[in-house]
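*Asks:* next comes the sequence, and after it the predicted model I'd like to discuss.
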Amino acid sequence: SKDFEGRFYMKKNATSIVFTGDIGFDRYMDRKWEDEQLLSKEVLDFFHSADHVCASVEGALINAEDDGSRGIFFHSMNPEATAMYKKIGADLWAIGNNHSMDAGAEGVISTRKIAEELGCKAFGAGLNEVEASEPIYLDEAGGIGMFGVSYMAECIPATANEPGIFRWDDLDYIERRIKEIKEKCRWCIIVSHGGEEFTSLPSPYTRDRYLKFLELGADVVVGGHPHVTENYELFDNGKAIFYSLGNFIFDTDYQRVHLYTDEGVLLKLKFTEESMDFEAIGTKIIRGPERIVKGPLPDVFTNIPAEEYELLSPLAAKAFVLEDMRKMVYLERNDEEKPFAAAFPEELNGYFYSADLPAVWKTYFYDNIPEADGYFEKAHMDFSVIVPHSDKADEGLWKQSKLEKVKEYILRQF
């Protein structure tokens, strides 16, 4: 057979792809690619059991420093970190995320150039919207096409002539890319960098967006960005959504404020021309020595169908509001100009439960910028949706859920 570039090869009727959680080789993980003990044998064996590995590359591969605008949220990686990508067999790189442009256009250029030199396929960010949205293809299991999308907030979108990510809200363009893939391939995978951080279940509008991707023709959505594991959802038509795989190699002080940021999932999707299946293992960051070992799958990583989601999501939203309060206290504890550093939780409650949440959100964090980076209506950090949804938890319907371990998992955040 011939591949999509016209080269002859032996066609594979079945294939498998392991997807990682977020990878960032800085902060506590700086130079850990040099540590032969970083990954346990069980973790490495899982990677080596697959035909392909898709790595979530959280930041540009370039030697760069913050220009002062990103602070503790600046993330890039020494190009030497590719030694670990080679070790796990990562031939597919998901590079679209909220740190893709931390080092500017040079970071995107460097990352894509290094991927090409190593014979890897990078997707999700590029020098323009065509390159950022460009699918990658595997001529296996009836054909697999894959592209990446990223949430609209801290992520910088590519335009006709400017670098950035492929925005997850451009549904017309996303539909065209899905159609392009399905005309050639049996399978379409969307790798999405989106959703709120440190929440155990996706917000209603995030779930709706991923359901829309399936409606438009995608077969699988694999999510990241929350830095904690979330649930998955299986459908009778064989499609699936994996909302977040959590952290794989990523460890920072600001994340240590939150529960579950030391856990993740390695997901192996297994394809034939007729069907898709999956298996997964849990991973655990042993902090201190910074080791990644096999651990139990997080209790939240389970199939949560619509009826169970309706019961549990208000409780998860309430826990998320508390997590965001913790984040604000951590970020602002040494800033005398911020009112919430020493006043927990009274002023925080007044803030989150304001009658004009979107306006307060913009005013407090972004000095009345009309299109605030942190808030997008029904798309990201929209507390005018999240807070009323969280209030429903007080009705107690979550107690009717049959997913006891998931309830316990969420309640630990309170």
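*Replies:* That came through fine.
*Asks:* looking at the protein, which helix or strand does the model trust least?
*Replies:* Ranking every helix and strand in the chain by mean pLDDT, DSSP states H and E puts helix 357-366 at the bottom, with a mean of 42.
*Asks:* tell me what whatever helix or strand comes next after that helix is packed against?
*Replies:* Moving toward the C-terminus from helix 357-366, the next helix or strand (DSSP states H and E) is helix 383-391. Helix 383-391 sits against helix 204-215, helix 306-332, helix 357-366, with contacts defined as 3 or more Cβ pairs under 8 Å, 6 or more residues apart in numbering; DSSP states H and E. The way it works is simple: take the backbone N, C-alpha and C, and place the C-beta from them, glycine included.
*Asks:* out of those, which is closest to residue 266?
*Replies:* helix 204-215 (20.2 Å; Cβ to Cβ).
*Asks:* what's the angle from the closest one to helix 383-391?
*Replies:* 100 degrees (axes from the mean of the first three to the mean of the last three Cα atoms, to 10 degrees).
*Asks:* just checking, what packs against helix 204-215?
*Replies:* helix 171-184, strand 187-193, strand 220-224, strand 240-242, helix 306-332, helix 383-391.
*Asks:* now that helix against strand 187-193, angle please.
*Replies:* Put simply, helix 204-215 runs at 160 degrees to strand 187-193, going by the same axes, to 10 degrees.
*Asks:* what comes into contact with helix 204-215?
*Replies:* 168-169, 171, 174, 178, 190, 192, 194-196, 202, 221, 223, 233, 235, 239, 241, 243, 309, 313, 378-379, 382, 385, 389 (Cβ atoms under 8 Å, 6 or more residues apart in numbering).
*Asks:* the closest residue to residue 413 other than its chain neighbours and residue 258, how far apart?
*Replies:* Spatial nearest neighbour of residue 413, chain neighbours left out: residue 319 (3.9 Å); criterion: Cβ to Cβ, 6 or more residues apart in numbering. Distance, residue 319 to residue 258, using Cβ to Cβ, to the nearest Å: 11 Å.
*Asks:* higher neighbour count, these two?
*Replies:* residue 319 (23 against 20; other Cβ atoms under 10 Å).
*Asks:* just checking, that one touches residue 410?
*Replies:* Yes. Assessed by Cβ atoms under 8 Å, residue 319 is found in contact with residue 410 at 5.4 Å.
*Asks:* mutual contacts of those two, please.
*Replies:* Residues touching both residue 319 and residue 410 (Cβ under 8 Å, 6+ apart): residue 200.
*Asks:* can you report how many residues neighbour the nearest residue to residue 295 once chain neighbours are set aside?
*Replies:* The shortest distance from residue 295 to any non-neighbouring residue, by Cβ to Cβ, 6+ apart, is to residue 284 (3.4 Å). Residue 284 has 18 neighbouring residues, counting by other Cβ under 10 Å.
*Asks:* list the contacts for residue 389?
*Replies:* Residues in contact with residue 389 (Cβ under 8 Å, 6+ apart) are 203, 204, 313, 314, 317.
*Asks:* repeat that with 10 Å
*Replies:* 203, 204, 205, 313, 314, 316, 317, 318, 320, 321, 382, 383 (Cβ atoms under 10 Å, 6 or more residues apart in numbering).
*Asks:* lowest pLDDT pick from the residues you listed?
*Replies:* Ranked by pLDDT, the contacts of residue 389 bottom out at residue 383, which scores 78.
*Asks:* that one and residue 391 touch, don't they?
*Replies:* No. Residue 383 is beyond contact range of residue 391, at 11.5 Å (criterion: Cβ atoms under 10 Å).
*Asks:* picking up where we left off before, turn the contacts of residue 389 into a markdown table, columns for neighbour count and distance to residue 137.
*Replies:* Conversion of the contacts of residue 389 to a markdown table gives the following (neighbours: other Cβ atoms under 10 Å; distance: Cβ to Cβ, whole Å):
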| residue | neighbour count | distance to residue 137 |
| --- | --- | --- |
| 203 | 24 | 32 |
| 204 | 18 | 33 |
| 205 | 17 | 31 |
| 313 | 26 | 35 |
| 314 | 23 | 41 |
| 316 | 27 | 36 |
| 317 | 26 | 38 |
| 318 | 21 | 43 |
| 320 | 27 | 37 |
| 321 | 20 | 42 |
| 382 | 20 | 35 |
| 383 | 22 | 40 |
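*Asks:* residue 92 is in contact with residue 269, correct?
*Replies:* No. Between residue 269 and residue 92 there is no contact, the gap being 11.7 Å when judged by Cβ under 10 Å.
*Asks:* between these two, what contacts are shared?
*Replies:* 17, 18, 19, 52, 54, 189.
*Asks:* so which of those comes closest to residue 77?
*Replies:* Of the shared contacts of residue 269 and residue 92, the one sitting nearest to residue 77 (Cβ to Cβ) turns out to be residue 54, at 16.8 Å.
*Asks:* contacts only, for the closest residue to residue 317 other than its chain neighbours.
*Replies:* In this structure, residue 317 finds its nearest non-sequential neighbour in residue 390, 3.8 Å apart by Cβ to Cβ, 6+ apart. Under the criterion of Cβ under 10 Å, 6+ apart, the contact list for residue 390 reads 313-322, 352-353, 383.
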